[in-house]
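# sequence first, predicted coordinates after that:
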Amino acid sequence: APPREAPALLAAWRRAAADLPLAGEAALHRAATRPAAEAVPAGAGPVFAHLALAAEAPPLAAFAARFRERYAALPSADALAGHVAVGMVKAASEVLGQLDGPGLGNALHGLSVRAADQPALLLDTAWAIDGTPDRISFLAATNDPATTRWTILPPLGAT
């Protein structure tokens, strides 16, 4: 659901089929965890969301705490992605030995970098030959705004 429609979708789903789980993505997760979320009916099924990057996920908690301390807000997915992009450019530039725009993409193809070696990446990341990043992601299961259970999903290349 588009972000502005997710709260209404969630409310309608809970009225119509409260005991069934609902699966979605980041906008639905935000709607289910926002403090103003509609009261959750007893026995309501959880809301599941697959998230590539989530500040609330346990592996990213230390970064989220530092961000919150500095900016008085939880980092958005865009803030996380921007931070990771800086680490990605740094990792590729170190492989190349220089900052070379056209060469950056080529340097990433097939590259694998540990977050311990490149902290800005936040998570161990590998890039497929086609350039897509491959790292852990998260499945969030939310029953009420205050409770989210996190499952860490392995990188696709790990299966």
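Looks like it came in fine.

# excluding sequence neighbours, find me the nearest residue to the residue sitting nearest the centre point of the chain.
Nearest residue to the geometric centre of the chain (CA atoms, centre = their mean): Leu53, 1.6 Å. Nearest-residue entry for Leu53: Leu80, 4.3 Å, with adjacent residues in sequence omitted and distances by CB to CB, 6 or more residues apart in numbering. In this view, the C-beta of every residue, glycine as well, is placed from N, C-alpha and C.

# hang on, the one you found packs against Glu56?
No. Counting by CB atoms under 8 Å, Glu56 is not a contact partner of Leu80; they are 10.9 Å apart.

# please, where are all the helices along this protein?
6-17, 26-33, 61-71, 77-96, 101-108 (DSSP state H).

# who are the packing partners of the second one?
In this structure, helix 26-33 packs against helix 6-17, strand 47-51, strand 137-144, with contacts taken as 3 or more CB pairs under 8 Å, 6 or more residues apart in numbering; DSSP states H and E.

# report the angle between the second one and strand 137-144.
In this case it means strand 47-51. In terms of direction (axes from the mean of the first three to the mean of the last three CA atoms, to 10 degrees), strand 47-51 departs from strand 137-144 by 160 degrees.

# okay, now the sheet partners of strand 47-51, with direction.
strand 22-24 (parallel), strand 137-144 (antiparallel) (DSSP bridges).

# figure out how far it is from the centre of its chain.
10 Å (CA atoms, centre = their mean, to the nearest Å).

# give me the mean pLDDT for it.
Confidence over strand 47-51 (mean pLDDT, whole number) is 93.

# which residues sit against that strand?
Outside of strand 47-51, the residues within contact range by CB atoms under 8 Å, 6 or more residues apart in numbering are 10, 21-26, 28-29, 31-32, 57, 77, 137-143, 153.

# 7 Å instead?
10, 21-26, 28-29, 32, 137-142 (CB atoms under 7 Å, 6 or more residues apart in numbering).

# again, but for the last one
Residues outside strand 137-144 that contact it (CB under 7 Å, 6+ apart): 29, 32-33, 40, 44, 46-52, 54, 57, 148-153.
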